[in-house]
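Peer 1: Quick check, what structure comes out for this input:
(4 chains)
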There are 2 protein chains.
Amino acid sequence: MSGNSRFAVSVHILAYLAYRQGAAVPSKEIAASVATHPVVIRRLLAALVQAKLVVARKGAGGGFALTPAAAGCTLLDIYRAVEPKPVSGLAHFAPNHRCPVGAKIESILQSVFARAQSGMETELAQVTLAAVHAQLRPVCPGKK
Amino acid sequence: MSGNSRFAVSVHILAYLAYRQGAAVPSKEIAASVATHPVVIRRLLAALVQAKLVVARKGAGGGFALTPAAAGCTLLDIYRAVEPKPVSGLAHFAPNHRCPVGAKIESILQSVFARAQSGMETELAQVTLAAVHAQLRPVCPGKK
DNA sequence: TAAAAAGTAACAAATACGGTTACAAAAATG
DNA sequence: CATTTTTGTAACCGTATTTGTTACTTTTTA
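Peer 2: Numbers count the residues shown, from 1 in each chain, chains lettered A, B, ... in the order given. Down below sits the predicted model:
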């Protein structure tokens, strides 16, 4: 798996922002929850801003907050925002095309990987950020 | 993604053995089809032998061949044979448990990953090695 | 003007993986 | 019995990826 912690940390970030209910949250505070360096958080947030799940405000009192779009987003949206696109074809796999098997296996495997990926994405699409937030609610202040 | 080429190469290996119809195939020959080093092939075959999908015969005239069990196996069986078990929990993800979000997010993410993995495995379970072999048939000698 | 914070580049350390070499063990063959 | 072939492993190198960190610029607020 390529870096799978990108996705995990991103969900954590967005869950944290949901937990903070729209306040402008600086990367330093998020980093404390994730237990890593603020720059790591800002790197991932750059992708989430590009995907319009988060807005950033610079300067004193600034920070990050969820957009309205993020309220209804699924974990698949998050996955696609932060996970680098699977490069066309398989990594480190270049069989000998002069062998009959080597010549055909690559396209077969591509369709297999497409199926597997699609199975995974179907599951991620069924979990919303709101659902993750709801599982967090018991510890959420200001909600009864 | 951890090494996804382990799985891809393993499917290639087993497809090649199917293509060779039960003959004892040395790792050198398989390596030529995969375009890699024989030791890489033998390393993966060690896992496939352990999973009883392949038998190995040492010595001159030896090599590898599919077991009867391999005839009906699915790509999920191959995946499980060669893909290192997901280490309990997420790699490189150790949130701050003194933060209410950090304390809960890990178990939430674990169930998310379990779902995603299960979606992927469901797809892999629906593709048999025989089906891959069938897609290879047009180039397979000795079959009309 | 000063402080706070994002944005980003650059670099270090750790990790993982593929490829390679080397060698021991086993099995067939003459 | 000696030789050859081949598996089975261990060890190592180079590369790529990822995380963490430092440093600096830009923007915004007070």
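
Peer 1: residues of stretch A:38-45 that come out buried?
Peer 2: A:38, A:40-42, A:44-45 (16 or more other Cβ atoms under 10 Å in any protein chain shown). Placement of C-beta: from N, CA and C, glycine included.

Peer 1: That one vs chain B: in contact?
Peer 2: No. Interface with chain B: stretch A:38-45 contributes nothing (Cβ under 8 Å from any Cβ of the partner chain), its closest point being 10.6 Å away.

Peer 1: does that stretch come close to DNA strand C?
Peer 2: Yes. Residues of stretch A:38-45 contacting DNA strand C under Cβ under 7 Å from any atom of the strand: A:38-39, A:42-43, A:45.

Peer 1: Tell me the one among those residues nearest to A:L76.
Peer 2: A:L45 (18.7 Å; Cβ to Cβ).

Peer 1: for the closest one, helix, strand, or coil?
Peer 2: On the three-state scheme (DSSP: H, G, I helix; E, B strand; the rest coil), A:L45 is labelled helix.

Peer 1: Quick one: name the residues of chain A near DNA strand C.
Peer 2: A:25-28, A:38-39, A:42-43, A:45-46, A:49, A:56-64, A:92.

Peer 1: from those, which would you call buried?
Peer 2: A:25-27, A:38, A:42, A:45, A:49, A:63-64.

Peer 1: Farthest-apart pair in those residues, please.
Peer 2: Top of the distance list for those (Cβ to Cβ): A:P38 and A:V49, 15.2 Å.

Peer 1: and the residue lying closest to A:T122 once chain neighbours are set aside, what are its phi and psi?
Peer 2: The shortest distance from A:T122 to any non-neighbouring residue, by Cβ to Cβ, 6 or more residues apart in numbering or on different chains, is to B:G119 (5.6 Å). With angles defined as degrees, to the nearest 10, B:G119 sits at phi -60, psi -40.

Peer 1: And for B:G119, the neighbour number?
Peer 2: 20 (other Cβ atoms under 10 Å in any protein chain shown).

Peer 1: which residues touch it?
Peer 2: A:119-124 (Cβ atoms under 8 Å, 6 or more residues apart in numbering or on different chains).

Peer 1: For B:T128, see how far away it is.
Peer 2: Taking Cβ to Cβ, to the nearest Å as the measure, B:G119 and B:T128 are separated by 19 Å.

Peer 1: ditto for A:A47
Peer 2: 38 Å.

Peer 1: same question, A:A131
Peer 2: A:A131 is 35 Å from B:T128, by Cβ to Cβ.

Peer 1: Can you classify the residue of chain A found nearest DNA strand D by secondary structure?
Peer 2: Among all residues of chain A, A:G59 sits closest to DNA strand D, at 2.6 Å; criterion: Cβ to the nearest atom of the strand. Secondary structure, three-state DSSP: A:G59 is coil.
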